[in-house]
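Undergrad: here is my input; please provide its structure:
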Amino acid sequence: MSTLTARLARCVLVLCVLLAAAGCGGGPGRQRVTIMIPWSGDEFQAFYSVLRSFEDDTGIEVDVQVTRALTQQLDAAVAAGAPPDLAMLPSVGAIYRYAGGAAGRGGKLRPLQVPTGAYLEPFRGLTEVRGEVYAVPVKVDVKSLVWFDPTVTGRPSPTAPGKPGTWCLGLESGPTSGWPGADWIADILLAQNGVDAYQKWLSGTLHWNSPPLRKAWTTWRNLVGTSVKDAAVRNFGEAASGMTATPRRCSQAHGALSAMGFRAGRSHDYVPSSSTHRLEVSADFVGMFTDDNPSAEAFIEYLAGTEAQQSWVNQGEGSAFSADSKVTHYDDAVQRRIAGMLRPGSGYTLCFGAADAMTPDVSAAFYRAVLDYATDGTEDPTPLLGDLDEVQNKLGDSPVPADKLCAKLTS
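TA: Below you'll find the predicted structure:
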């Protein structure tokens, strides 16, 4: 544990990021890799187990830079010309931005020579920009889930997933506070209006201040009811723990398993958040920012491989899922059911998370608007949505082609 503690202590602030990057040496053949990640707790431990296997197998040392403010620190390191070798990209919008967008101008990400043919859709399509692979998904999840404890409450119906006031709702999450509500609102829009409206919203042809968006926001506010009180300052993880507290403080939670903080199947189960067979999904992608480091290339190839991903999904609390179609074994029964939703023939339509597909500044404005809506005491989101239209008009629509965002897994 002392080695792990030392590595975590190395690179938390931007200064540490720059010093670590500058101190790693340079040139071909070096046996050291730096990687920036956002994870803590069980998510970190699962990744660290995979990392240690790579170090043991290859003799290459991996320096881990852990930060909750990954977007800000990665931007600072890239701007200073001292990026980490590898970084977990917080959104597919960031992939396009760092790859230089459709025109390829000013790209900081390096193309990868990693085969992606075994990856499931829509994740596989999101790895490419201008026909080249710039990032690979190392773990994925399903956002459109409602969690409950069968020993405490009855099984919710996807057509009426919860009662107002019963939700374990927290919106505080450091630099990305507001994301739990943003995910939920996008989930509701997808369920109420379908894939076409979802894609039009992200491409800018369906305005924020439009009837479908206003309805999605008010539906969310009415659904959570009194659970919204103090949610803007309540940490998401602490709120989810209300389902396991004694006495229990709440009975249901919305979101991906990896965000819940409990092991599926031990005492909790889920239902899809709607009966439409449309699911919002997410992924953590890894990309490379430096040249001439075969060790970094070896590590990214390892992380993208079936063996490492198979090991990863069954580490720790068993809350990870793989986009690799060859990863088929999951230890936990609930985990296996969720993994089945991601596979061809499931009958579900998967759409990548809306905020994750936006440019980072637009998604940040989305998160802030959610916090304001949770605290302003009114159920009318119109002023906030008008402001978001202005932000998007200024900063641009999603850089991700609309036809890449969703995939129908026909049964």
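Undergrad: for residue 141, give its distance to residue 313.
TA: Between residue 141 and residue 313 the distance is 11 Å, computed by C-beta to C-beta, to the nearest Å. The way it works is simple: take the backbone N, C-alpha and C, and place the C-beta from them, glycine included.
Undergrad: which neighbours do these two share?
TA: Overlap of the contact sets of residue 141 and residue 313 (by C-beta atoms under 8 Å, 6 or more residues apart in numbering) consists of 320-321.
Undergrad: longest helix of the chain?
TA: helix 179-203 (DSSP state H).
Undergrad: what packs against whatever helix or strand comes next after that one?
TA: Next along the chain after helix 179-203, taking DSSP states H and E as the criterion, comes helix 211-224. Using 3 or more C-beta pairs under 8 Å, 6 or more residues apart in numbering; DSSP states H and E as the contact test, the elements touching helix 211-224 are helix 179-203, helix 382-395.
Undergrad: tell me which of the ones you listed sits nearest to residue 338.
TA: Residue 338 sits nearest to helix 179-203 of all the helices and strands packed on helix 211-224, at 15.2 Å, using C-beta to C-beta.
Undergrad: now the angle between helix 382-395 and the closest one, please.
TA: If you take axes from the mean of the first three to the mean of the last three C-alpha atoms, to 10 degrees, helix 179-203 sits at 60 degrees to helix 382-395.
Undergrad: buried ones in helix 179-203, by neighbour count?
TA: 179-195, 197-203 (16 or more other C-beta atoms under 10 Å).
Undergrad: low-confidence ranges in this protein?
TA: Within the chain, the ranges that satisfy pLDDT under 70 run 1-30, 102-105, 158-163, 262-266, 316-318, 411.
Undergrad: contacts only, for residue 340.
TA: residue 346.
Undergrad: would you mind measuring from it to residue 178?
TA: Applying C-beta to C-beta to residue 340 and residue 178 gives a distance of 31 Å.
Undergrad: swap in residue 70?
TA: Taking C-beta to C-beta, one finds residue 70 at 16 Å from residue 178.
Undergrad: looking at the two, which is more packed in?
TA: residue 178 (26 against 21; other C-beta atoms under 10 Å).
Undergrad: count the residues that sit near the closest residue to the more buried one other than its chain neighbours.
TA: Leaving aside its sequence neighbours, residue 178 sits nearest to residue 367 (C-beta to C-beta, 6 or more residues apart in numbering; 3.1 Å). Neighbourhood size, residue 367 [other C-beta under 10 Å]: 21.
Undergrad: tabulate the helices and strands packed on helix 211-224 (JSON lines), appending distance to residue 371.
TA: Below are the helices and strands packed on helix 211-224 laid out as JSON lines (distance: least, C-beta to C-beta, whole Å):
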{"stretch": "helix 179-203", "distance to residue 371": "8"}
{"stretch": "helix 382-395", "distance to residue 371": "10"}
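Undergrad: would you confirm that residue 351 contacts residue 404?
TA: No - applying C-beta atoms under 8 Å as the test, residue 351 and residue 404 come out as separate, 10.4 Å apart.
Undergrad: so for those two, which residues contact both of them?
TA: Shared contacts of residue 351 and residue 404 (C-beta under 8 Å, 6+ apart): residue 122.
Undergrad: the two: which has the busier surroundings?
TA: Set side by side, residue 351 and residue 404 show more neighbours around residue 351, with 26 against 19, by other C-beta under 10 Å.
Undergrad: how about the contacts made by that one?
TA: Applying C-beta under 8 Å, 6+ apart, the residues near residue 351 are 122, 190, 195, 198, 278-281, 405-406.
Undergrad: and what of residue 180?
TA: Counted by C-beta under 8 Å, 6+ apart, residue 180 has contacts 169-171, 173, 236, 254-255, 259.
Undergrad: same question, residue 59
TA: residue 31.
Undergrad: in stretch 138-154, what's buried?
TA: Of the residues in stretch 138-154, those buried (16+ other C-beta under 10 Å) are 138-149.
Undergrad: between these, which is nearest residue 390?
TA: residue 143 (26.9 Å).
Undergrad: give me phi/psi at that closest one?
TA: phi -90, psi -30 (degrees, to the nearest 10).
Undergrad: for the closest residue to it other than its chain neighbours, the count of nearby residues, please.
TA: Nearest non-adjacent residue to residue 143, counting by C-beta to C-beta, 6+ apart: residue 280, 4.3 Å away. By other C-beta under 10 Å, 29 other residues sit near residue 280.
Undergrad: partner strands of the host helix or strand of residue 280, parallel or antiparallel?
TA: Taking DSSP H and E as the criterion, residue 280 maps to strand 278-288. Here strand 278-288 is paired, per DSSP bridges, with strand 86-89 (antiparallel), strand 136-142 (antiparallel), strand 349-352 (parallel).
Undergrad: helices or strands next to the helix or strand just after the longest one in the packing?
TA: Taking DSSP H and E as the definition, the helix or strand that follows strand 136-142 towards the C-terminus is strand 145-148. Contact here means 3+ C-beta pairs under 8 Å, 6+ apart; on that basis strand 145-148 packs against strand 252-254, helix 257-260, strand 269-272.
Undergrad: residue 216: how many residues sit nearby?
TA: Neighbours around residue 216, by other C-beta under 10 Å: 24.
Undergrad: repeat for residue 347
TA: Residue 347 has 11 neighbours, counted by other C-beta under 10 Å.
Undergrad: wait, it sits on residue 279?
TA: No - counting by C-beta under 8 Å, residue 279 is not a contact partner of residue 347; they are 10.7 Å apart.
Undergrad: quick check: neighbours shared by these two?
TA: By C-beta under 8 Å, 6+ apart, no residue touches both residue 347 and residue 279.
Undergrad: so where do the helices sit in the stretch 51-200 of the chain?
TA: 70-79, 92-98, 179-203 (DSSP state H, counting those that start in this stretch).
Undergrad: what angle separates the first one from strand 278-288?
TA: With the same axes, to 10 degrees as the basis, helix 70-79 and strand 278-288 are set at 30 degrees to each other.
Undergrad: following the record's annotation, map out the domains of this structure.
TA: With domains defined by automatic domain parsing, the chain comprises 2-140+282-338, 145-273+360-395.
Undergrad: picking up where we left off before, which parts of whatever helix or strand comes next after the strand holding residue 280 are buried?
TA: Downstream of strand 278-288, the first helix or strand assigned by DSSP H and E is helix 294-304. Residues of helix 294-304 classed as buried by neighbour count (16+ other C-beta under 10 Å): 295-300, 302-304.
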